[in-house]
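J.: could you work out the structure for the sequence below:
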Amino acid sequence: MKARWFEAGSPPLPQAYAVLAVLGLRNSIGPAKICAYIGALAQAYLKGACDLQIKSNTPLNGQGPLVVLQMKDAQAIVGRLSDEGIIAANCMDGLRVSFHLYNTLEDVPAVLRILESNLDLTASNQH
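T.: The predicted structure is shown next:
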């Protein structure tokens, strides 16, 4: 059998077709509007984290899609978010949340509610 033929994987044919639709959507909205939208989501999240007194590894004026908040136990928070259907990542001592065009403003308070109910796992700005 020629099993070695599959070692490199198979071509991502569905993704090759989907990318055309994605590029069309991106171009119809425009990169500047997408960046502004993602920046607004990140800022809402950073403000909410600040209100909860959670330390941020991301500058408070950050506009990019990735926001990292300091945690005492990032893996536990990732698990709690996963239990609620929210995908995030453990980034060393932090919780990494990444926003994109498919996120909504309602996603921000959903994450913040979980953080608020697990403040014992977060790194606090309070001394």
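J.: for this protein, which element, helix or strand, carries the lowest mean pLDDT?
T.: helix 13-29 (a mean of 88; mean pLDDT, DSSP states H and E).
J.: hmm, who's touching that one?
T.: With contacts defined as CB atoms under 8 Å, 6 or more residues apart in numbering, helix 13-29 is touched by I34, L101. Just so you know, the C-beta spots here come from the backbone N, C-alpha and C atoms, and that holds for glycine as well.
J.: that helix: what's the following helix or strand?
T.: Remark: after helix 13-29, the chain's next helix or strand is helix 31-51, criterion DSSP states H and E.
J.: and that following helix, what does it pack against?
T.: Applying 3 or more CB pairs under 8 Å, 6 or more residues apart in numbering; DSSP states H and E, we find helix 31-51 packed against strand 66-70, helix 107-116.
J.: how about the shortest one: buried residues?
T.: The reference is to strand 66-70. By neighbour count with 16 or more other CB atoms under 10 Å, strand 66-70 contains the buried residues V67, V68, L69, Q70.
J.: which strands and helices sit next to it?
T.: Looks like strand 66-70 contacts helix 31-51, strand 94-98 (3+ CB pairs under 8 Å, 6+ apart).
J.: if I look at the residue nearest the centre of the chain, how far off is D120?
T.: When the chain is reduced to its mean C-alpha position, the closest residue under CA atoms, centre = their mean turns out to be S98, at 2.0 Å. From S98 across to D120, the span is 24 Å (CB to CB, to the nearest Å).
J.: before we move on, the earlier item: hmm, which two among the buried residues of strand 66-70 are most spread apart?
T.: V67 and Q70 (11.4 Å; CB to CB).
J.: coming back round to it: closest one to D93 among the helices and strands packed on helix 31-51?
T.: With CB to CB, the closest approach to D93 among those belongs to strand 66-70: 5.8 Å.
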